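J.: everything below, folded, please.
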Amino acid sequence: MNVNWLRTFVAAATYENFREASEKLYLAQPTVTVHIHHLEKSLNSKLFVKSGRRVILSEAGRQFLPYAKTMVEHYNSSLQHMAGWNQGYDKKLTIAVSPLLAATLLPYVLQQFMKQHPSIEVVVKVSESQDIGDSVAEGSADLGLSRMAAIQQHLTSEKMGPDPIVLVVPHDGGDAESSLPLSLEEYCRNTTLLTYSHPGYWEELLIELRAKYEGIRTMVVSQVHVTKRFIEEGLGFSFLPRSAVQRELLEGRMIEVETDEVRLPTVYTYMVYLHISREAQLFKQFIEKYMH
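T.: Numbers count the residues shown, from 1 in each chain. Predicted coordinates for the structure are as follows:
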């Protein structure tokens, strides 16, 4: 049984259309048809039935699909393993990490860790914080670096690295000495607050802000890097972790405003794991030393 037939079958089952499957696989559409025909002949089963302009799985196709996916995944994993072995790796560590940590904390830490442990192949899976627990629980990641504790009770979420939340606003174009940021109250009354780019603190903060300033305008922006870009372009202001805006503050692309009008929270990085392999333990010890 040819693995290319299996890949084609999985794609066709996903898109329910041979043309779309051919585009995703960079194959000619007749090649897709040939692959499916060969696979059906090998299994002695019809895998698809026509439904208008689309195709849908037959009962035999539905029965076979999970096995096809497993075979393709195992084949890809074997290729990755051999590629790593040929590059001198004899161990592997898969880390699920939030986009914010992937862009701020991880690059330097990973660079230093890989220098000290060149035989460990590191695989980085960038996932939203709320999805990292699932990756660790299902075994597709050895450990996670998240901005929120995992909801899975059987996982350990180890708190590390306090990170204060700061109020950041657009730069007004003046020099550092002449720039006098408005107060939080003035920003709340005249500018849009960019919210929910980071998990864990927005609900309580918004309750406090709305109790103080009626009619505050908000805009939900789900990614920190997009929020920062919007602030730089003057679209609004926000409350973000200091680690996320250190470079922009140093380079003068936005301004931090000190305020005692609201209680600014502190967020943490969480290391999420089920069982600690030797490689994961080495990384855990390394990052703990860095963050403390």
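J.: pLDDT wise, what is the residue nearest the centre of the chain at?
T.: With distances taken as CA atoms, centre = their mean, residue 127 lies nearest the centre of the chain, 2.2 Å away. We note a pLDDT of 90 for residue 127 in this prediction.
J.: what comes up buried for stretch 68-76?
T.: Residues of stretch 68-76 classed as buried under the neighbour-count rule (16 or more other CB atoms under 10 Å) are 68, 69, 72. In short, each C-beta sits where N, CA and C put it, glycine included.
J.: hang on, the second one in a helix?
T.: Yes - with DSSP: H, G, I helix; E, B strand; the rest coil as the criterion, residue 69 is located in a helix.
J.: my guess is it contacts residue 10. True?
T.: Yes - counting by CB atoms under 8 Å, a contact exists between residue 69 and residue 10, whose distance comes to 5.8 Å.
J.: returning to that earlier point: residues in contact with the residue nearest to the centre of the chain?
T.: Taking CB atoms under 8 Å, 6 or more residues apart in numbering, we find residue 127 in contact with 96, 97, 98, 135, 144.
J.: could you measure from it over to residue 138?
T.: Counting by CB to CB, to the nearest Å, the separation of residue 127 from residue 138 is 12 Å.
J.: now do residue 105
T.: When CB to CB is applied, the distance between residue 105 and residue 138 equals 24 Å.
J.: who's more crowded, the two?
T.: Legend: neighbour count by other CB atoms under 10 Å for residue 105 and residue 138, higher for residue 105 (21 against 10).
J.: do I have it right that the more buried one meets residue 246?
T.: No - between residue 105 and residue 246 there is no contact, the gap being 11.1 Å when judged by CB under 8 Å.
J.: what is in contact with these two at once?
T.: If you check residue 105 and residue 246 against CB under 8 Å, 6+ apart, no residue is contacted by both.
J.: could you list the buried residues of stretch 272-286?
T.: By neighbour count, with 16+ other CB under 10 Å as the criterion, the buried positions of stretch 272-286 are 272, 273, 274, 279, 280, 282, 283, 284, 286.
J.: for residue 144, what are its contacts?
T.: In this structure, residue 144 makes contact with 95-97, 127, 132-133, 135-136, 150, 270-273, judged by CB under 8 Å, 6+ apart.
J.: look up how far residue 232 lies from it.
T.: Separation of residue 144 from residue 232 (CB to CB) stands at 30 Å.
J.: kindly report the same for residue 11.
T.: When CB to CB is the yardstick, residue 11 and residue 232 sit 40 Å from each other.
J.: these two: who's more crowded?
T.: residue 11 (21 against 14).
J.: which residues touch that one?
T.: By CB under 8 Å, 6+ apart, the contact list for residue 11 reads 21, 24, 25, 32.
J.: picking up where we left off before, of the contacts of residue 144, buried ones?
T.: Applying 16+ other CB under 10 Å to these, the neighbour count classes 95-97, 127, 132-133, 135-136, 150, 270-273 as buried.
J.: ok but residue 215 is inside a strand, no?
T.: No - with three-state DSSP as the criterion, residue 215 is coil rather than part of a strand.
J.: separation between the residue nearest to it when sequence neighbours are not counted and residue 244?
T.: Of all residues not flanking residue 215 in the chain, residue 189 sits nearest, at 7.7 Å (CB to CB, 6 or more residues apart in numbering). Distance of residue 189 to residue 244, given as CB to CB: 25 Å.
J.: and the two? which has more neighbours close in?
T.: Under the criterion of other CB under 10 Å, the comparison of residue 189 against residue 244 puts residue 244 first, with 26 against 14.
J.: name the element the more buried one belongs to?
T.: Using DSSP states H and E, residue 244 maps to helix 242-250.
J.: sheet-wise, list the partners of the following helix or strand past that helix with their directions.
T.: Heading C-terminal from helix 242-250, the first helix or strand you meet, by DSSP H and E, is strand 254-257. Strands adjacent to strand 254-257 in the sheet, as given by DSSP bridges, are strand 156-170 (antiparallel).
J.: measure how buried residue 230 is and give me the count.
T.: By the measure other CB under 10 Å, the count of residues near residue 230 is 19.
J.: list the buried residues of the helix or strand encompassing it.
T.: Of the helices and strands defined by DSSP H and E, residue 230 is found in helix 224-232. The neighbour-count check on helix 224-232 (16+ other CB under 10 Å) flags 224, 227, 228, 230, 231 as buried.
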